[in-house]
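A.B. asks: sequence plus predicted model, see below.
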Amino acid sequence: MKAIIATQAGGPEVLEICDVNEPMTEQGEVKIRVKAFGLNKAETYYRNGAFGTLNAERAPGIEAAGEIMEDPSGTFQVGDKVVTAMGGMMFVRHGSYAEIITVNKSNVQRINSNIDYVTLAALPELYLTAWGALDKTLNIQAGETLLIRGATSGLGLAALTYAKARGLTVIATTRQTNNVERLTALGADHVVIDDGSISEAVRTLYPTGLDKALEVVGASTVVDTMKTLKSWGEVTVVGLLGGAPVIENFGLMSDLPSSVKLSFFQSGMLGTEALPLNASPLNWIADQVMNGSMPNITTQVFNYDEIRQAHALMDSNKAIGKIVVKAH
């Protein structure tokens, strides 16, 4: 079978289409023919060597949309449309850049929607992460106010469109004024330009503070983000766009507002007993995107043999939305 491999650490030019052995389906796994996959920053970090030694026989990729080829347990049927995310892909098994993959059954969700594979491929990692952070961690409710700090990231855009579909009022941040129109078009009720300190601007809009906050930038801005929240407000950190996950000289009394809750959500929980994929709203999300009730955040689609161009676009940080690659 074909697989895209990072032959050595480096830029997009190290990605090559190679012939590799088709994986065998082990107990507790299913085999999937990949139809399309979304790109994620984790794959650029893997490609450039930031995660350590590369495996020249293992394809990168942490999410995919495809169809079931084999399931020894009988949970899925051959031909079922499915998505998969995380579960060791890229690190201990072939990731989605391979034509055929085997994955843990718990990291697979059947999709009943008529949505096409390319549109579907933009959803798993981002919207499953948004679900884990917004629903399971922050317990968002219709009518609440939500700050999304780092809203032009892929996760930020997914959280924005999902929160709006769930009936929340969303305040989105961006560092660039030319992104305001894009965020507004996707449903943001307010867009705040982030110069490193936004709490005063947010408090001008909502003097009593906000209900919830999704922190995508990370440790560098979370203290300021907490200042935007009302009493009993909550913030969960999901991204590290702003650098190392360390808050220097953090004071519990001086920096953590009274009664405000701070948490961290990692997408590595997806597919575990605490967060099984079959409990996610991804089928509902797929239907919402297909019928136009939720915007499609895909920004560009590439063919399989255009993987270097796709990675070059991701490296440029100019793509405001999800990059998808068609495998077939």
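C.D. replies: Sure thing, it's come through. Residues are numbered from 1 along each chain as shown.
A.B. asks: give me the contact list for the helix or strand hosting E43.
C.D. replies: Using DSSP states H and E, E43 falls within helix 41-47. Residues outside helix 41-47 that contact it (Cβ atoms under 8 Å, 6 or more residues apart in numbering) are 6, 9-12, 14-15, 51, 54, 60-62, 90, 95, 97, 311, 314-315. For glycine as for every other residue, the C-beta is placed from the backbone atoms N, C-alpha and C.
A.B. asks: and stretch 269-277, by the same measure?
C.D. replies: Contacts for stretch 269-277 (Cβ under 8 Å, 6+ apart): A85, M86, G87, N104, S106, N107, V108, Q109, L128, T129, G132, K136.
A.B. asks: buried residues in stretch 9-23?
C.D. replies: For stretch 9-23, burial by neighbour count (16 or more other Cβ atoms under 10 Å) applies to P12, V14, L15, V20, P23.
A.B. asks: now, which of those residues sits nearest T174?
C.D. replies: Comparing those against T174 with Cβ to Cβ places P12 closest, at 26.0 Å.
A.B. asks: who's in contact with that closest one?
C.D. replies: R47, I307, R308, Q309, H311, A312, D315.
A.B. asks: from M314, how far out is it?
C.D. replies: 9 Å (Cβ to Cβ, to the nearest Å).
A.B. asks: mind giving me the domain split of this structure?
C.D. replies: Domain assignment for the chain by automatic domain parsing gives 2-122+297-326, 125-265.
A.B. asks: let's have those domains in JSON lines, adding distance to N283.
C.D. replies: Listed next are the domains of the chain as JSON lines, based on distance: least, Cβ to Cβ, whole Å:
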{"stretch": "domain 2-122+297-326", "distance to N283": "5"}
{"stretch": "domain 125-265", "distance to N283": "11"}
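A.B. asks: a markdown table please, covering these and showing mean pLDDT and distance to P276.
C.D. replies: Formatted as a markdown table, those follow (pLDDT from 0 to 100; distance: least, Cβ to Cβ, whole Å):
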| stretch | mean pLDDT | distance to P276 |
| --- | --- | --- |
| domain 2-122+297-326 | 95 | 6 |
| domain 125-265 | 92 | 11 |
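A.B. asks: who wins for proximity to S280 among those?
C.D. replies: S280 lies closest, by Cβ to Cβ, to one member of these: domain 125-265, at 5.2 Å.
A.B. asks: which parts of the stretch 1-150 of the chain are helices?
C.D. replies: Ranges of helices in the stretch 1-150 of the chain, per DSSP state H, counting those that start in this stretch, are 41-47, 117-120, 124-130.
A.B. asks: pick the most buried one from those.
C.D. replies: helix 124-130 (a mean of 27; mean count of other Cβ atoms under 10 Å).
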